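Q: fold the following for me, if possible:
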Amino acid sequence: MALQNRVTPLGEIVVDPARGDFMGNRGILHDGMRRLGVSRWKHKAWIVCTLAFKSRKREIMAPGRYTELFFLDEATALAAGHRPCWECRRAAALAYRSAFAEGNGLENAPSSHEIDDLLHASRIVTGTRHQRRAERVGGELPDGVFVIVEERAWVVLNNRLLRWTPAGYDAMREMPDGPVTVATPLPSAAAIAAGYRPALHASAAALAGG
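A: Numbers count the residues shown, from 1 in each chain. This next block holds a predicted model:
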């Protein structure tokens, strides 16, 4: 039975049988029946992890353990407000921190807590569970950033847009002229613009032709 632990680029946690390439967590969000409660996070450290690390085995949504969340790819996780885990993805976390500092005009490499504070202020509308969004010129956005067009999530790749689904990217369209709604939190979008390259699902390259 599919559980409510698949995360969309719009930050929603949904039920879908597709698992994806990455997992992560925001704390303990489920009850003893493996059902989500009202909360969609328990702390600001929203991380994205590998599916396998040091042969560790976990029971999904075990009582008293953090809620495993699953993402199609890393670009999806960043759009949902997560950042690379320091334990299982240290090289990615270091690259992200460096690009985060450069892209956001920080003089020194930020700590994890500083990154989490900046991300949280940019990913959630204060006092709600709603994703914070911004308007930017589409042609200026780097590959790996998510935008919303016609109420659907699309990832930028080679100045075109690929439509997201839980199982993979399934359609391509031209980038609209002018401003578009950006779903990826702006600090992460800035890190991507500064050189961080989030992993994309294999369907992206297949759809884009390389």
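Q: just the C-alpha atoms of the top helix by length along the chain, please, in CSV.
A: Longest helix of the chain, by residue count under DSSP state H: helix 90-103. Taking Å, rounded to 0.1, in the frame of the first residue of the first chain, the C-alpha atoms of helix 90-103 are listed here in CSV:
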residue,chain,number,x,y,z
ARG,A,90,28.8,15.2,2.3
ALA,A,91,30.4,16.1,-1.0
ALA,A,92,27.0,17.4,-2.3
ALA,A,93,26.5,19.3,1.0
LEU,A,94,29.9,21.0,0.7
ALA,A,95,29.3,22.0,-2.9
TYR,A,96,25.8,23.3,-2.0
ARG,A,97,27.2,25.3,0.9
SER,A,98,29.9,26.9,-1.3
ALA,A,99,27.4,27.8,-4.0
PHE,A,100,24.9,28.9,-1.4
ALA,A,101,27.4,31.4,0.0
GLU,A,102,28.4,32.7,-3.4
GLY,A,103,24.9,32.9,-4.8
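Q: who's in contact with that helix?
A: 74, 83-86, 106-110, 115, 187-196 (Cβ atoms under 8 Å, 6 or more residues apart in numbering). Using the backbone N, CA and C atoms, a C-beta is placed for each residue, glycine as well.
Q: shaky segments in this protein?
A: The model of the chain has pLDDT under 70 over residues 53, 210.
Q: just the strands in it please.
A: Under the criterion DSSP state E, strands of the chain are mapped to 4-7, 13-15, 22-25, 47-49, 69-71, 83-84, 134-137, 146-149, 152-157, 160-165, 168-174, 179-182.
Q: highest mean neighbour count out of the ones you listed?
A: Across these, the average number of neighbours (mean count of other Cβ atoms under 10 Å) peaks for strand 83-84, which reaches a mean of 28.
Q: give me the most central residue, the protein.
A: Ala77 (1.7 Å; Cα atoms, centre = their mean).
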